[in-house]
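Asker: okay, sequence plus prediction incoming.
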Amino acid sequence: MWVLLGVAAVAAGFALRVNPLLVVAIAAGTTGIAAGLSPVQVLEVFGKAFKENRFISAIWIVLALIGVLEREGLQVRARHVISSVKAATAGRVLLI
């Protein structure tokens with residue numbers, strides 16, 4: 001029953017608006033310790049999972065980077081196009 005402390009850690013962390021990655025890591029550590037693992041064993045499990053699924057972590061990092069770059073590029077380009085149109089009013093831009 002104590003293994004479900006991880007669920008409580010997730011609920012509390014999200015309620016307090018803590019960084020989601022930190023919340024999940026703390027919840028996993030809490031669950032591991034409640035399951036009877038030592039802190040070193042919990043870190044070993046984290047390391048093994050990261051090593052075996054490294055390509056998945058790289059994909060998420062690259063997707064986030066592409067999203068940020070595209071957002072910045074699209075904002076700059078849209079601002080340039082809208083400012084170059086002389087008859088662009090807020091209403092006309094929203095209609096387009």
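Answerer: Perfect, thanks for sending it.
Asker: switch to C-alpha atoms for all contacts and neighbour counts from now on
Answerer: Noted.
Asker: what helices or strands is the longest helix along the chain leaning on?
Answerer: The single longest helix within the chain, with elements called by DSSP state H, is helix 54-84. Secondary-structure packing of helix 54-84 (3 or more CA pairs under 8 Å, 6 or more residues apart in numbering; DSSP states H and E): no helix or strand packs against it.
Asker: if you average pLDDT over the following helix or strand past that helix, what comes out?
Answerer: Using DSSP states H and E, the next helix or strand after helix 54-84 towards the C-terminus is helix 90-95. Helix 90-95 carries an average pLDDT of 78.
Asker: now do helix 90-95: everything it contacts.
Answerer: Identification of contacts with helix 90-95 by CA atoms under 8 Å, 6 or more residues apart in numbering yields I82.
Asker: if you count neighbours, what's buried in it?
Answerer: For helix 90-95, a neighbour-count test (16 or more other CA atoms under 10 Å) marks nothing as buried.
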